[in-house]
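Student: Based on what follows, work out the 3D shape:
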Amino acid sequence: MDQATLKHHTDLGDVREHLIAVYARVRADLLHLPNYRIEAFTERLDRHGNDPGWEAVIAYAPDGQPIGYAYANTVEPGNRWWTRMDTPVPAEYTAKASLAIKEIGVVPPWRGQGLAQAMHDDLLRHREEGFVSLLVNPAAGDGKVQRLYEGWGYIRIGSQQPSPDSPPLACLGRPVEQP
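Tutor: Modelled structure (predicted):
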């Protein structure tokens, strides 16, 4: 991880093409599935990039190529992020604005080096929201991805299926600042 450089971005227009290119490499094995198609990601990215509090952290290799990304935005009480849940979410998550991490990804050659957590932690470092949540496919990596997030302090707070093409996803949450 010490070879990668992390940079914050708050204007999607500045990094849109980088995010799409990295996404294609990160999700290469899944691009044949409707919810993972480049077009589906681009549509979500454009929508998320216009949401309040949008911010991305992109990891760059020493040669300047983007190798990973994490992005999030603020979600207010009543946001569809919460209204799509299949069970009520603990009130502390929905009482005021919180942070929703929409995507985290690292290209295969850079996986297993702590880069995903470094981008995640860097993204949270200066956020003012009290709580953060994210969605994960419980089947991803035979549960490995969800266990990774649980190792970062996340607990399951609900589940949802954001679109008909999406698998059912677990919603995990935690305080932005860990004790």
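Student: does L30 really touch Y36, like I thought?
Tutor: Yes. With contact defined as CB atoms under 8 Å, L30 counts as touching Y36 (4.0 Å). Bear in mind the C-beta positions are built from the backbone N, C-alpha and C, glycine included.
Student: Between these two, which is the more surrounded one?
Tutor: Set L30 next to Y36 and count neighbours by other CB atoms under 10 Å: Y36 wins out with 18 against 12.
Student: Tell me how far the more buried one lies from M119.
Tutor: 20 Å (CB to CB, to the nearest Å).
Student: which residues touch the residue positioned nearest the centre of the chain?
Tutor: Centroid-nearest residue in the chain, with CA atoms, centre = their mean: E103, separated by 2.5 Å. Shown in contact with E103 (CB atoms under 8 Å, 6 or more residues apart in numbering): Y23, L45, Y69, A70, Y71.
Student: and the third one, what does it touch?
Tutor: Taking CB under 8 Å, 6+ apart as the definition of contact, the neighbours of Y69 are 18-19, 22-23, 26, 56-59, 103-105, 119.
Student: Check P175 too.
Tutor: With the criterion set at CB under 8 Å, 6+ apart, P175 makes contact with G130, F131, V132, G153.
Student: Relative to W152, how far out is the spatially most distant residue from the centre of the chain?
Tutor: The centre of the chain is farthest from one residue, D63, which by CA atoms, centre = their mean lies 24.6 Å away. To W152, D63 is 28 Å away according to CB to CB.
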